[in-house]
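> Dropping a prediction and its sequence here:
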Amino acid sequence: MKLIDLPPVPLSLQNEYRSLIEDVERRAARLSSRLHEHMRCAAGCAACCRRFSVAPLEAALIGEQLEPVSAASPPENRDDSCGFLIENLCSIYECRPLICRTQGLPIAYIDEINERIDVSVCPLNFTGDYQFAHDDLLFLDSFNHRLAELNNRYCSETGISANTRISLEYQRSSR
């Protein structure tokens, strides 16, 4: 399944997704402001931009924003960098997935089994011995839960398995 071949996303789901993204970006902006002296992220830094896959909802929303692929399209990346990375810049920045909107920030995950909080950081921004306050962390669980609910609704309406993952890369239509 390809980004550009996915069924359109209903307007109601698009609006709910936009609301989710606005909430994520508000929280990310507050953290970026709070932690600005540590943040090295800027245009041209692509350290976090690795090849990965997304759920069908985000793939469809990205696919809807893509121009038809032509001979002038960027060359396929042969390494493990994101397929939409061109000269170390995101070519889909305005419609990038939720996870890309949080890169560089200290991402916290609750490990219920071991009863602890695991933190994932970019080593360019924070050293291994940096001591985070609770308010310094971006807890993604609630945002990811909302995204999963929206994706489940999209998949239910379109007959796609909600467990499907779609690679983020330029793809030619099979039509």
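That came through fine. Numbering: from 1, shown residues only.
> in stretch 30-37, what's buried?
31, 32, 35 (16 or more other Cβ atoms under 10 Å). Bear in mind the C-beta positions are built from the backbone N, C-alpha and C, glycine included.
> For these, give me CSV that also has pLDDT.
Converted to CSV, the buried residues of stretch 30-37 look like this (pLDDT from 0 to 100):
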residue, pLDDT
31, 94
32, 92
35, 92
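> just curious, which of those is nearest to residue 145?
residue 31 (19.2 Å; Cβ to Cβ).
> need the contact list for that closest one.
For residue 31, the contact set (Cβ atoms under 8 Å, 6 or more residues apart in numbering) comprises 105, 106, 136, 138.
> Could you pull up phi and psi at it?
phi -70, psi -40 (degrees, to the nearest 10).
> Same check on residue 85?
phi -90, psi 120.
> and it, what pLDDT?
Looking at residue 85, its pLDDT reads 89.
> With residue 104 instead?
90.
> what ranges do the helices span in the protein?
Under the criterion DSSP state H, helices of the chain are mapped to 11-34, 56-65, 141-158.
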